[in-house]
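J.: Sequence and predicted structure below; questions after.
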Amino acid sequence: METNEPIVRRKLSDEVFDRLVRLIESGDILPDGQLPSERELMARFGVGRPAVREALQTLEKMGLIAINHGERARVTRPTAGDMISRIDHTARHLLATSPQSLEHLKEAREFFEVGMASAAAEKATPEDVEELRLAWQAQQAEKGRDPAAFVAADMNFHTRIAAVSRNTVFEAVSRAMLQWLSHYHSGLLHWQGHEQITLDEHRHVLERIAAHDPIGAAEAMRIHLRRSNPTYRPKQGRKREVFS
């Protein structure tokens with residue numbers, strides 16, 4: 001069947017980009033290894049310097065390579081945190097422009113963190129429990145002092161639960177979701193008595209994890225998040241798109 005769609009001519013830099021990606025993904029150039037020089041790439045692919053430089057810049061923006069002045073580009077050794085951080089600005093833009101995205105994020109966080117609490121109760125070692133206890137104590141020490149430090153300690157407690165999984169992707173996702181949500185914290189948490197409620201709920205989650213009670217830990221986390229979720233609201237005066 002014939003179509004009327006035109007054949008699109010690709011930019012030379014896109015072709016160079018694709019070939020370099022294949023070199024990296026195939027393992028021909030390992031993490032920490034150097035790419036050929038610009039001159040060598042120009043000769044290998046039969047293109048000019050602008051095409052090579054544009055392809056390298058795209059690879060750098062994606063976090064696949066690092067470029068230092070006077071040195072050959074080097075293939076990076078990315079972490080799960082690096083991977084998640086690449087979507088940070090896009091995620092914040094989505095939250096700022098889509099009315100439903102904040103609610104979707106809170107729903108995703110509950111699904112994720114309830115599972116993390118359950119998994120932590122199954123896997124936690126005595127050392128893990130002690131780390132969580134120290135994180136809880138650090139948050140308790142900020143009660144009535146510095147609201148920002150209290151929230152930071154709150155985030156650390158939740159991220160420490162995800163870290164018990166020994167899965168760096170889970171830990172990175174936990175940290176990212178909490179950072180995105182932190183921009184929408186209304187401050188209601190710091191009304192008189194609310195800090196202690198949070199601490200009590202965290203202590204209950206910790207106790208269920210220490211008791212290796214997956215069902216109890218999951219339920220304690222679910223109760224905590226459903227109570228605290230209303231404290232995350234769109235900023236007053238934030239311009240919101242109208243969807244038909």
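T.: Structure received.
J.: so how many other residues sit close to Leu23?
T.: Other residues lying near Leu23 total 15 when counted by other CB atoms under 10 Å. All C-beta spots, glycine's among them, are computed from the backbone N, C-alpha and C.
J.: make that Leu56, sorry
T.: For Leu56, the count of nearby residues is 21 (other CB under 10 Å).
J.: again, but for the one 5 residues further on
T.: Neighbourhood size, Lys61 [other CB under 10 Å]: 10.
J.: List the contacts of it.
T.: Counting by CB atoms under 8 Å, 6 or more residues apart in numbering, Lys61 makes contact with nothing.
J.: Please identify which helix or strand holds Leu30.
T.: Using DSSP states H and E, Leu30 is not contained in any helix or strand.
J.: Tell me the spacing between it and Val52.
T.: For Leu30, the distance to Val52 equals 21 Å [CB to CB, to the nearest Å].
J.: before we move on, what about Phe45?
T.: Phe45 is 7 Å from Val52, by CB to CB.
J.: which residues do those two both contact?
T.: Jointly contacting Phe45 and Val52 under the rule CB under 8 Å, 6+ apart are Val16.
J.: Comparing those two, which shows the higher neighbour count?
T.: More crowded of Phe45 and Val52, by other CB under 10 Å: Val52, with 26 against 17.
J.: That one contacts Arg44, correct?
T.: No: if you go by CB atoms under 8 Å, Val52 and Arg44 don't touch, sitting 9.6 Å apart.
J.: dump the residue contacts of the residue nearest the centre of the chain.
T.: In the chain, the C-alpha nearest the mean C-alpha coordinate belongs to Ala176, at 3.2 Å (CA atoms, centre = their mean). Residues counted as contacts of Ala176 (CB under 8 Å, 6+ apart) are Ile84, Ser85, Asp88, Ala91.
J.: residues in contact with the strand or helix carrying Thr198?
T.: Using DSSP H and E, Thr198 sits within helix 194-210. Under the contact criterion CB under 8 Å, 6+ apart, helix 194-210 has outside partners 117, 120-121, 124, 129, 132-133, 136, 139-140, 143-144, 150, 154, 157, 161, 164, 188-189, 216-217, 219-221, 223-224, 227-228.
J.: try 6 Å
T.: 117, 120-121, 124, 129, 132, 136, 140, 143, 157, 216-217, 220-221, 224 (CB atoms under 6 Å, 6 or more residues apart in numbering).
J.: Alright, I will stop here.
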